[in-house]
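Asks: please work out how this folds:
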Amino acid sequence: MATVADTHDTHHEHGPAKGWLRWVTTTNHKDIGTLYLTFAFVMFIVGGAMALIIRAELFEPGLQFVDPHFFNQMTTLHALIMVFGAVMPAFAGFANWMIPMMIGAPDMALPRLNNWSFWLLPFAAALLVATLFMEGGAAASGWTLYPPLVLQTGDALPFTIFTVHILGMSSILAAINIIVTIFNMRAPGMTMMRMPMFCWTWLVTAFLLILVMPVFAGAVTMLLTDKFFDTSFFNPAGGGDPVLYQHLFWFFGHPEVYIIILPAFGIISAVIPTFSRKKLFGHNSMVYATCVIAFLSFIVWAHHQFTVGMPVPAELYFMYATMLIAVPTGVKVFNWLATMWKGSMTFETPMLNALGFLVLFVLGGFTGIMMSQAPADFQYHDSYFIVAHFHYVLVGGAVFGIFAGLFYWLPKWTGVMYDEKLGKLHFWLSFISMNVLFMPQHFVGLAGMPRRIPDYAVQFTEFNALSSVGAFIFGVTQLLLGYIVWKAIRGEGEKVDGEVWEGAKDHGLEWNLASPPPYHHSFEGIEIKERD
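Replies: Take a look at the predicted model:
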């Protein structure tokens, strides 16, 4: 398959870079997309291994394998690595690969910045994991880094905060690049409302990133000054307020949830129409729903803090505003169902993952509505019910969205069809084990089991054992994913042409899934159909 790299890559005085240097210096959007996806998979395995340590400890009551302090370090690092190291870079990889192709651009608008925004990540990840080996170990406060607990962390705290800054810088640079690319480099005829949903969801995500990452950076910097420079932002003894940190964190943290899920919405909006052989139902309403979700995500943050003792009117406001998000999300789910309605559906691996996404994400959405009720949330708060809820959204939603996108576009990227039987096996093992892993956590949570605790009462034993078995099956299944992708990269499989999936043409411009035109911006020979 010809790529843009043939005409536009790192040309030095002595010709293009070869070997490992090509990957270090590349400015080609496809190479950088591949780097992002590879890094994300490695981090997925590392973060997953930490989760398996957690689940091994929780297989039965009592302390078996690790001490409580290390257990809490695992919860912190598992969350930070999965969010910032696995899921977000995976979607950035999809964005790099697909957005230029979908809008008919030759590359990303800022190729060198693109290279830098990726190469910040491995160093940040190494720094984060290195905190495990520092005195006192990594922050044992959960990924939220709440004071005053996080301030007990030893030498690792400044390194953790520095990591957050580097990760934030990477995200902001990537977001700027995507916005500039979409606004400035669309091919003639590719108006904003004709853009595929994947481009739209990423455009909105990019704006969210630019708006919220600096807030998180500011909050952790205030933590740093509290610990080392005797300020009292969050220290009540000096007139500070630890709840202020919670407000700052969740003002970042709630939009972050949508930063993680919106690109998955975009992928599902590409996969479902293809395998239903129909155009996406209500494209424009999907665009508006995406924008409304993004707006609402900024004004609901304190539903994470119902138990801090806020005034009743504030609780009521955050409760109603939170429930409101269900409306545009419901519009999306309705449109996906309407797209499938009376379509000529087939169930290849990408479609199975998209349907898995739909089922699991809607389940996660329902438990979200339960938690949005302030009086009920007093019972759910900091229990395993919360853990079950957000994993249904993040694993069932974001990760299954990544699986769907990977299987959907992998043949296009490699030129060969992946092993369909293994792909379906991966889906069914992942789908079943994911439910075995997280479904029981709803029940132990409702029965009162607190989260982030390495020991528990004996009545929770059976459900925890079940959960741990599901975790190990899910974890091992992801090695199968690596094998499937490796086989495809090596070219082991049936060759495919430019239009991999029958029906992919039906839901957009003729050329929006084709490889981009050559680098000299010539669009001759591309038929552009104007709207009626």
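Asks: what count of nearby residues applies to the nearest residue to P454 once chain neighbours are set aside?
Replies: Leaving aside its sequence neighbours, P454 sits nearest to F71 (Cβ to Cβ, 6 or more residues apart in numbering; 4.0 Å). Using the backbone N, CA and C atoms, a C-beta is placed for each residue, glycine as well. A total of 20 residues lie near F71 under the criterion other Cβ atoms under 10 Å.
Asks: got a list of what F71 touches?
Replies: Residues near F71 by Cβ atoms under 8 Å, 6 or more residues apart in numbering: 53-54, 57, 454.
Asks: now do L410
Replies: L410 sits next to 418, 485, 488 when contact means Cβ under 8 Å, 6+ apart.
Asks: strands of this protein, start to end?
Replies: 11-12, 15-16 (DSSP state E).
Asks: I'd like the mean pLDDT over the first one, please.
Replies: Strand 11-12 carries an average pLDDT of 44.
Asks: isn't N72 up against G142?
Replies: Yes: counting by Cβ atoms under 8 Å, N72 does reach G142; the two are 7.4 Å apart.
Asks: common neighbours of those two, please.
Replies: R452.
Asks: now the residue nearest to M439 when sequence neighbours are not counted: how far from G364?
Replies: Leaving aside its chain neighbours, M439 sits nearest to A388 (7.3 Å; criterion: Cβ to Cβ, 6+ apart). Separation of A388 from G364 (Cβ to Cβ, to the nearest Å) stands at 9 Å.
Asks: who has more neighbours, these two?
Replies: A388 (25 against 21).
Asks: and the residue nearest to F84 when sequence neighbours are not counted, how far is that from R452?
Replies: Distances taken as Cβ to Cβ, 6+ apart put L167 closest to F84, at 4.6 Å, once the chain neighbours are dropped. Distance, L167 to R452, by Cβ to Cβ: 22 Å.
Asks: just F91 next, same as before
Replies: From F91 to R452 the distance is 27 Å (Cβ to Cβ).
Asks: neighbour count for these two, which is higher?
Replies: Applying other Cβ under 10 Å to F91 and R452 shows that F91 carries more neighbours, namely 30 against 16.
Asks: give me the pLDDT for the more buried one.
Replies: pLDDT for F91: 98.
Asks: where does the stretch 1-150 of the chain dip in pLDDT?
Replies: Scanning the stretch 1-150 of the chain for pLDDT under 70 picks out the ranges 1-16.
Asks: how about 50 then?
Replies: Applying pLDDT under 50 to the stretch 1-150 of the chain flags residues 1-13.
Asks: look up phi and psi at G137.
Replies: Phi and psi for G137, reported as degrees, to the nearest 10, are phi 80, psi 180.
Asks: so how far is L145 from the residue nearest to P454?
Replies: Distance from F71 to L145, by Cβ to Cβ: 17 Å.
Asks: could you list the domains of the protein?
Replies: Listed by automatic domain parsing, the domain ranges of the chain are 28-195, 196-276+278-343, 345-519.
Asks: turn these into a markdown table, including distance to W20.
Replies: As requested, the domains of the chain are arranged in a markdown table below (distance: least, Cβ to Cβ, whole Å):
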| stretch | distance to W20 |
| --- | --- |
| domain 28-195 | 12 |
| domain 196-276+278-343 | 29 |
| domain 345-519 | 16 |
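Asks: what's the least confident helix or strand in this structure, going by average pLDDT?
Replies: Taking mean pLDDT, DSSP states H and E as the measure, the chain has strand 11-12 as its least confident helix or strand, at a mean of 44.
Asks: so how far is the first residue of stretch 303-313 from its last?
Replies: 13 Å (Cα to Cα, to the nearest Å).
Asks: which parts of that stretch are buried?
Replies: 303-306, 310 (16 or more other Cβ atoms under 10 Å).
Asks: what's in contact with it?
Replies: Taking Cβ under 8 Å, 6+ apart as the rule, stretch 303-313 contacts 243, 246-247, 250, 253-254, 302, 315, 318-319, 321-322, 371-372, 374, 377-378, 381-382.
Asks: ok, back up a step: PyMOL command for the buried members of the contacts of F71?
Replies: Restricted to buried positions by 16+ other Cβ under 10 Å, the PyMOL selection for these reads:
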select buried, resi 53+54+57+454
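Asks: okay, the contacts of F71 in JSON lines with distance to P263 next?
Replies: Formatted as JSON lines, the contacts of F71 follow (distance: Cβ to Cβ, whole Å):
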{"residue": "I53", "distance to P263": "29"}
{"residue": "I54", "distance to P263": "27"}
{"residue": "E57", "distance to P263": "33"}
{"residue": "P454", "distance to P263": "34"}
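Asks: list only buried entries from the contacts of stretch 303-313.
Replies: For the contacts of stretch 303-313, a burial check counting by 16+ other Cβ under 10 Å picks out 243, 246-247, 250, 253-254, 302, 315, 318-319, 321-322, 371-372, 374, 377, 381.
Asks: looking at stretch 409-422 now, give me its mean pLDDT.
Replies: In this model, stretch 409-422 has a mean pLDDT of 94.
Asks: buried set for that stretch?
Replies: For stretch 409-422, using 16+ other Cβ under 10 Å, the buried residues are 409-419.
Asks: quick one: the helices in the stretch 151-300 of the chain?
Replies: Secondary structure of the stretch 151-300 of the chain (DSSP state H, counting those that start in this stretch): helices located at 156-184, 197-228, 242-276, 283-296.
Asks: show me what the second one is packed up against.
Replies: Which is helix 197-228. For helix 197-228, the elements it packs on are helix 88-103, helix 156-184, helix 242-276, helix 283-296, judged by 3 or more Cβ pairs under 8 Å, 6 or more residues apart in numbering; DSSP states H and E.
Asks: also the shortest one?
Replies: Judged by 3+ Cβ pairs under 8 Å, 6+ apart, helix 283-296 is in contact with helix 197-228, helix 242-276, helix 326-340.
Asks: which of those helices sits closest to G405?
Replies: Closest of the helices and strands packed on helix 283-296 to G405 is helix 242-276, at 4.0 Å (criterion: Cβ to Cβ).
Asks: how far is that closest one from where the chain is centred?
Replies: 7 Å (Cα atoms, centre = their mean, to the nearest Å).
Asks: for K18, which of the domains of the chain is the nearest?
Replies: Closest to K18 of the domains of the chain, according to Cβ to Cβ: domain 28-195, at 12.9 Å.
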